[in-house]
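Enquirer: here is a sequence with its predicted model. Questions after.
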Amino acid sequence: MKLQHYIPLFFILFSASFVSAQVKFEAKVSKTQLGINERLRVDFEMNTDGDNFNPPSFADFTVVGGPNQSVSHSWINGVRSFSKTYSYFLAPKKTGSITINQATIEIDGEIYKTSPVTVQITTAVTRPNDPDNAENVADDNVHLIAEISKTNPYLNEAVTVTYKLYVSEDIGVSNFREIGNPRYNDFWSQNIDLKGTQIQKTEFKGRNYRYLVIRKTVLYPQKSGKLEIEPLSLDLTVQVPTKKRDFFGSVLTSEVHKTVSAGSKTLNVKALPENGKPVDFSGAVGDFDFKLTTSKTDLNATESLQARVEVTGKGNLKLFQLPKLTIPSSLEVYEPEHTENIRTLSEGMQGSIVDNYTIVPQYKGKYPIPNVDFTYFDLKTETYKTISSGQLVINVIEGPTNNSSSDSNIANVGEGKQRVTMNNEQFAFVKRKANLEPIIAEPFFNSSWYWSSLLLPLMAIPLAMVFRKKKAIRAADISGNKIRKADKLAKKYLGFAKKALGQKEAFYIALEKALHNYLKAKLRIETSDLSKDRIQQLLLKREVDEAVVTDFLSILDSCELARYTPFSEVTMQHDYDKAAATISVIDKQIK
């Protein structure tokens, strides 16, 4: 009778422990119905720590914030509970019913998936006309402005577009990202590197503001008339102070997601004047110098010389062709080697372009290289200018005499003259491998190959047994397999980070995963123990220099700052190089 009382109690306790140990991974949304001008928060929650979290694609949304990660531990009546959450803030792209697909994560070697979540997107929701409303305050205190250096340029004249984000001193911006990139149709365009750009103070609309240059682009219009520049749009996370205060008297802030746009701009591009335009004008616009030089003028036959056609200065250097060099038809000339040394600054392109010709005379004599003209449109005087190189004479001192009358014939390079080109077939008649076969062939029976084919399978049996035993031992080594898997994942994500250079969010997610998996492999700890204090303690205990530990922790800080703080000067290439170098040093020092 007593046994019958204990058996139900055993099953109750067993089922309770089973339920408590059950893994939960689910998706939660802040609301199931919202307007297209509102924001949606999605939380992916789990009660057991895992690795390799993969969110859904969010194809019908714009990700305006996240992923934000939070972890919590608690002990209640001696029972430990764990919770980890990945949060995203989304802006819908269309109205209607939208389904958020499954997210996945790996927990203890198994893949878990969330259930799909459906939300209903309605038309824009009207906001109350309240001056204290956080969204209204954000509208009045954040502005994105596009400044144009010149609104009526000439065709192929440089125009600089500077995008500035103005934020009043009354609010803050904790994150921003570009969501609408302008397409510069009918323009040649290039973005300027803004490394080292800092926040500056100014007066805007009669109030004190701070501003940051978000992007600076140089444009060269490729046709005349009215050309439109599409707007740049940003999605911001704005922190608006409220009238509430915390326990210590500090002002509480409300977080608002806001989209700002610079608005479209129109340029009135002037065509280049037809009056006085030379026939040989190739489209060069700016301020240039032109010269033709040769490496030497006196040489012997079959020797080579270099003829250099060069344009230097400021203007649309990448958008026109250099004039062709003309030489006597009895000289052999190779296809010119084109080189460019051009920098694109705020004022436009600067530098030089060069065509370098290799010329080989075959006969004795004097060969004139006629004058070459280069024409460009000068923006200062608004007139066409022509620069002449002057005539050069090549004096071939020694060599055979050409008895034909073609010495003085002049031909443009590429016109009426076949270029001398080098290829790999000049010595094709020389055979480097004979492929000879013996006259008397050795029979296969009783040959070395015959006995090898019989004995090798027998010798392979003990090797296969040793390999199988090693494989079984390795498979049984659960701890070692985890370490090897983490080390492999660290290398994998470090490779992903290198490929994602230039893509801010993807780069820092991959870099952070690489660092975490590297620590799991080296320190033999779980993801839940990856706190900075714990990492510092373990690395110092394993005799890693304190300076190296500080560098490693600073990389983790950089990942967090670069992903969630807008005005960071941390560059992706610097972080990647520093991470690779620090990991290499830890590998050498760790005991």
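Expert: On my side now, so go ahead.
Enquirer: would you state the helices of the chain in chain order?
Expert: Assigned by DSSP state H, the chain shows helices spanning 2-20, 134-141, 448-476, 478-499, 504-523, 532-541, 546-564, 572-589.
Enquirer: wait, which of the ones you listed is closest to Glu398?
Expert: helix 572-589 (55.0 Å; C-beta to C-beta). Where C-beta positions appear, they are placed from N, C-alpha and C, glycine not excepted.
Enquirer: other residues contacting the closest one?
Expert: Helix 572-589 has contacts (C-beta atoms under 8 Å, 6 or more residues apart in numbering) with 494, 497-498, 501-502, 504, 507-508, 511, 514-515, 518, 522, 539, 543-545, 548, 551-552, 555, 558-559, 562.
Enquirer: let's see 7 Å
Expert: The contact list for helix 572-589 (C-beta atoms under 7 Å, 6 or more residues apart in numbering) reads 497-498, 501-502, 504, 507, 511, 515, 518, 543-545, 548, 551-552, 555, 558.
Enquirer: separation between the residue positioned nearest the centre of the chain and Gln573?
Expert: The centre of the chain sits closest to Gly502, judged by C-alpha atoms, centre = their mean, with a distance of 2.1 Å. Here Gly502 is placed at a distance of 9 Å from Gln573 (C-beta to C-beta, to the nearest Å).
Enquirer: please name the nearest non-neighbouring residue to the residue nearest to the centre of the chain.
Expert: Excluding its sequence neighbours, the residue lying closest to Gly502 (C-beta to C-beta, 6 or more residues apart in numbering) is Met572, at 7.0 Å.
Enquirer: again with Asp298
Expert: Asn395 (4.9 Å).
Enquirer: list the contacts of that neighbour.
Expert: The contact partners of Asn395, by C-beta under 7 Å, 6+ apart, come to 297-298, 366.
Enquirer: among the residues you listed, which are in strands?
Expert: Counting by DSSP state E, those place 298, 366 in strands.
Enquirer: closest to Thr253 out of the contacts of Asn395?
Expert: Distances from Thr253 to these, taken by C-beta to C-beta, are shortest for Thr297, at 75.6 Å.
Enquirer: can you give me the neighbour number for the closest one?
Expert: 13 (other C-beta atoms under 10 Å).
Enquirer: ditto for Ile461
Expert: Around Ile461 there are 9 residues (other C-beta under 10 Å).
Enquirer: wait, which of the contacts of Asn395 is closest to Gly276?
Expert: Relative to Gly276, and with distances defined as C-beta to C-beta, the nearest of the contacts of Asn395 is Thr297, at 35.1 Å.
Enquirer: how near is Ser304 to Lys324?
Expert: Taken as C-beta to C-beta, the span from Ser304 to Lys324 is 20 Å.
Enquirer: now do Thr375 against Met465, distance only.
Expert: Thr375 is 83 Å from Met465, by C-beta to C-beta.
Enquirer: more neighbours, these two?
Expert: Thr375 (19 against 10).
Enquirer: that one against Phe281, yeah?
Expert: Yes. With contact defined as C-beta atoms under 7 Å, Thr375 and Phe281 form a contacting pair (4.8 Å).
Enquirer: nearest spatial neighbour of Lys385, skipping sequence neighbours?
Expert: Per C-beta to C-beta, 6+ apart, closest to Lys385 is Asp378, 5.0 Å.
Enquirer: just give me the neighbour total for the one you found.
Expert: 15.
Enquirer: looking at the helices of the chain, which is nearest to Pro328?
Expert: Per C-beta to C-beta, nearest to Pro328 of these: helix 572-589, 50.9 Å.
Enquirer: C-alpha coordinates for the closest one, CSV please?
Expert: Extracted in CSV, the C-alpha atoms of helix 572-589 (Å, rounded to 0.1, in the frame of the first residue of the first chain):
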residue,chain,number,x,y,z
MET,A,572,36.0,48.2,-39.7
GLN,A,573,39.4,47.6,-41.2
HIS,A,574,41.1,48.8,-38.0
ASP,A,575,38.9,46.5,-35.8
TYR,A,576,39.5,43.5,-38.1
ASP,A,577,43.3,43.9,-38.1
LYS,A,578,43.4,44.5,-34.3
ALA,A,579,41.3,41.4,-33.7
ALA,A,580,43.5,39.2,-35.9
ALA,A,581,46.7,40.5,-34.3
THR,A,582,45.4,40.1,-30.7
ILE,A,583,44.2,36.6,-31.3
SER,A,584,47.6,35.7,-32.7
VAL,A,585,49.3,37.1,-29.6
ILE,A,586,47.0,35.3,-27.2
ASP,A,587,47.7,32.0,-29.1
LYS,A,588,51.4,32.5,-28.4
GLN,A,589,51.1,33.5,-24.7
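Enquirer: what residues sit buried inside that helix?
Expert: 572, 575-576, 578-579, 582-583, 586 (16 or more other C-beta atoms under 10 Å).
Enquirer: now for those residues: which two are most distant?
Expert: Farthest pair in those, by C-beta to C-beta: Met572 and Ile586, 21.2 Å.
Enquirer: which among the contacts of helix 572-589 end up buried?
Expert: 497-498, 507, 511, 515, 518, 544, 548, 551-552, 555, 558.
Enquirer: so where's the stretch 401-550 of the chain shaky on pLDDT?
Expert: By pLDDT under 70, the low-scoring segments of the stretch 401-550 of the chain are 404-436, 439-441, 444, 474-490, 493, 526-530.
Enquirer: so which residues of the stretch 151-300 of the chain form strands?
Expert: Counting by DSSP state E, counting those that start in this stretch, one finds strands in the stretch 151-300 of the chain at the ranges 159-168, 172-180, 187-191, 200-204, 207-221, 225-229, 233-245, 251-261, 265-269, 285-294, 298-299.
Enquirer: which other helices and strands contact the fourth one?
Expert: Spelled out, it's strand 200-204. When contacts are defined as 3 or more C-beta pairs under 7 Å, 6 or more residues apart in numbering; DSSP states H and E, strand 200-204 packs onto strand 207-221.
Enquirer: between the strand it packs on and strand 172-180, how many degrees?
Expert: 20 degrees (axes from the mean of the first three to the mean of the last three C-alpha atoms, to 10 degrees).
Enquirer: partner strands of strand 207-221, with direction?
Expert: strand 159-168 (antiparallel), strand 187-191 (antiparallel), strand 200-204 (antiparallel) (DSSP bridges).
Enquirer: tell me which residues of the first one are tucked away?
Expert: Think strand 159-168. Buried residues in strand 159-168 (16+ other C-beta under 10 Å): 159-168.
Enquirer: go on, the last one?
Expert: If you call a residue buried by 16+ other C-beta under 10 Å, then strand 200-204 has these buried ones: Phe204.
Enquirer: burial check on Phe374, number of neighbours?
Expert: Residues near Phe374, counting by other C-beta under 10 Å: 24.
Enquirer: what do you get for Ala521?
Expert: Applying other C-beta under 10 Å, I find that Ala521 has 19 neighbouring residues.
Enquirer: tell me who's in contact with the residue lying closest to Lys223 once chain neighbours are set aside.
Expert: Nearest non-adjacent residue to Lys223, counting by C-beta to C-beta, 6+ apart: Asp186, 5.4 Å away. Going by C-beta under 7 Å, 6+ apart, Asp186 touches 221-223, 227.
Enquirer: looking at those, spot the one nearest Pro370.
Expert: Nearest to Pro370 among those, with distances taken as C-beta to C-beta, is Gln222, at 32.6 Å.
Enquirer: so, low pLDDT: which residues of the stretch 101-250 of the chain?
Expert: If you take pLDDT under 70 as the line, the stretch 101-250 of the chain has these spans: 126-132, 180, 246-249.
Enquirer: now with 80, please.
Expert: Residue ranges of the stretch 101-250 of the chain with pLDDT under 80: 124-136, 138-139, 175, 179-181, 195-197, 242-250.
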